[in-house]
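> sequence first, predicted coordinates after that:
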Amino acid sequence: MGSSFGTLFRISTFGESHGGGVGVIVDGCPPRLPLDLAAIQAELDRRRPGQSRITTPRKEDDQVEILSGLLDGVTLGTPIAMVVRNKDQRPQDYQEMAVAFRPSHADATYQAKYGIQARSGGGRASARETIGRVAAGAIAKQLLAKTHGTEVIAWVQRIHTIEASVDPLTVNQKAVEATIVRCPDGAVAERMIERIEAIGREGDSCGGVIECVVRQPPLGLGMPVFDKLEADLAKALMSLPATKGFEIGSGFGGTLLMGSEHNDAFLPSADGSLRTATNNSGGIQGGISNGEPITLRVAFKPTATIRKEQQTINDRGEATTLAAKGRHDPCVLPRAVPMVEAMVALVLADHMLRQQGQCSLW
């Protein structure tokens, strides 16, 4: 039900934060795709906890095991199963949360919906669930790169009130990975780190915005009316934990322009390709990719689990207070960068296969 995503390139994730492990089954990956297994692990290393002083101190190697779907590093066209074992589990850190709902977390709504919940670490509501998405997204990235030379790069554009100025056309992953906050604007990155550390020392948390660009996207992805490319990207990205907003192209800023200012004029092209003078559309027009870079932004709220004492209720509706224990990110954004890239790549890979199935006969 809610744990599967995609149509032709389809993934199903499984596992809880403090269960035996988490993982994913990828169904629909074409056969004979050589996979760089080290690249899959590298994506998980970007997402794993304990990687820097501004992330949760939980220590997990997050070593991926590929159980099926490959022969000598090449895809078979059959389901690819991947799992990461949980090792640094501390369910005792969540004893207080068993009787007190964390404000703005999924505890209360899961309990109200199901009458039961995996309280240790948030279960399926934990960002640990995204391990499967990132592993599957690493495969989708390799498929897109091989077929179209497509590149998906995300970075931290804003932390709290500190905003970077980054050119989506020239940003590269080396610059993104040069700082622990994953902001390619070095001077601004240092200020972001200081802000996260200061807020964390107070037992509080902060949010921000991640920006993403897709360079050399396939042309013609997206289907009217309900499967528009930006609609599926919005669903994919808003399914990530802690997301609260989505923009593509000019986004909400475009509402301040007139049509004559916002319209992307077409440029002459000898080869018949679509080129535009500007890219306020963010690479998508009429729900279909036009070949220009796809640009989007995702808003992440402050981490819900904080050490500051808060007013809340227990499972009987009685007033109580909670100062959360356990190990939690004071800001989720540095570790969310590979999650955003993964979900974007999954949507594009799925739509690419759907486009080939619909249009490759003629």
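Structure received.

> what about the helices in the stretch 101-250 of the chain?
107-114, 130-148, 173-176, 186-201, 229-238 (DSSP state H, counting those that start in this stretch).

> how about the third one as CSV, C-alpha atoms only?
Meaning helix 173-176. Below are the C-alpha coordinates for helix 173-176, written out as CSV (Å, rounded to 0.1, in the frame of the first residue of the first chain):
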residue,chain,number,x,y,z
GLN,A,173,28.9,17.6,-6.4
LYS,A,174,32.5,18.1,-5.3
ALA,A,175,31.7,21.6,-4.1
VAL,A,176,28.5,20.3,-2.4
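
> rewinding a little: deepest-packed of the helices of the stretch 101-250 of the chain, please.
Highest mean neighbour count of those: helix 130-148, a mean of 23 (counted as mean count of other Cβ atoms under 10 Å). C-beta coordinates here come from the backbone N, C-alpha and C atoms, glycine included.

> now for that helix, which elements pack on it?
Using 3 or more Cβ pairs under 8 Å, 6 or more residues apart in numbering; DSSP states H and E, the elements in contact with helix 130-148 are strand 10-15, strand 21-27, helix 37-47, strand 80-85, strand 151-159, helix 333-359.

> can you check what angle separates it from helix 229-238?
Helix 130-148 and helix 229-238 are oriented at 150 degrees to each other (axes from the mean of the first three to the mean of the last three Cα atoms, to 10 degrees).

> and the helices of the stretch 101-250 of the chain, which one's lowest on average pLDDT?
Mean pLDDT across the helices of the stretch 101-250 of the chain is lowest at helix 107-114; the value there is a mean of 86.

> before we move on, back to that, please identify which of the helices and strands packed on helix 130-148 is closest to residue 277.
Among the helices and strands packed on helix 130-148, the nearest to residue 277 by Cβ to Cβ is strand 151-159 (22.4 Å).

> what strands line up against the closest one, and which way round?
strand 162-163 (antiparallel), strand 208-215 (antiparallel) (DSSP bridges).

> deepest-packed of these, please.
strand 208-215 (a mean of 23).

> before we move on, the earlier item: pipe the helices and strands packed on helix 130-148 into TSV and attach distance to residue 215, mean neighbour count and mean pLDDT per row.
As requested, these are arranged in TSV below (distance: least, Cβ to Cβ, whole Å; neighbours: other Cβ atoms under 10 Å; pLDDT from 0 to 100):
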stretch	distance to residue 215	mean neighbour count	mean pLDDT
strand 10-15	24	20	96
strand 21-27	24	22	97
helix 37-47	18	17	97
strand 80-85	26	21	97
strand 151-159	5	24	98
helix 333-359	12	24	96
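
> ok, which of the strands paired with strand 151-159 comes nearest residue 64?
Here strand 208-215 is closest among the strands paired with strand 151-159 (Cβ to Cβ), at 23.0 Å.

> give me the angle between the closest one and helix 186-201.
140 degrees.

> chain center to strand 208-215, what's the gap?
10 Å (Cα atoms, centre = their mean, to the nearest Å).

> then stretch 136-144?
13 Å.

> and for stretch 286-302?
13 Å.

> what sits against residue 332?
Taking Cβ atoms under 8 Å, 6 or more residues apart in numbering as the criterion, residue 332 is in contact with 127, 207, 241, 242, 300, 303.

> what about the fifth one, how many residues nearby?
For residue 300, the number of neighbouring residues by other Cβ atoms under 10 Å comes to 25.

> and for the third one?
Burial of residue 241 is recorded as 21 neighbouring residues (other Cβ under 10 Å).

> what pLDDT does it get?
pLDDT, residue 241: 95.

> ok, and the closest non-adjacent residue to it?
Nearest residue to residue 241 in three dimensions, chain neighbours excluded: residue 127, at 4.6 Å (Cβ to Cβ, 6 or more residues apart in numbering).
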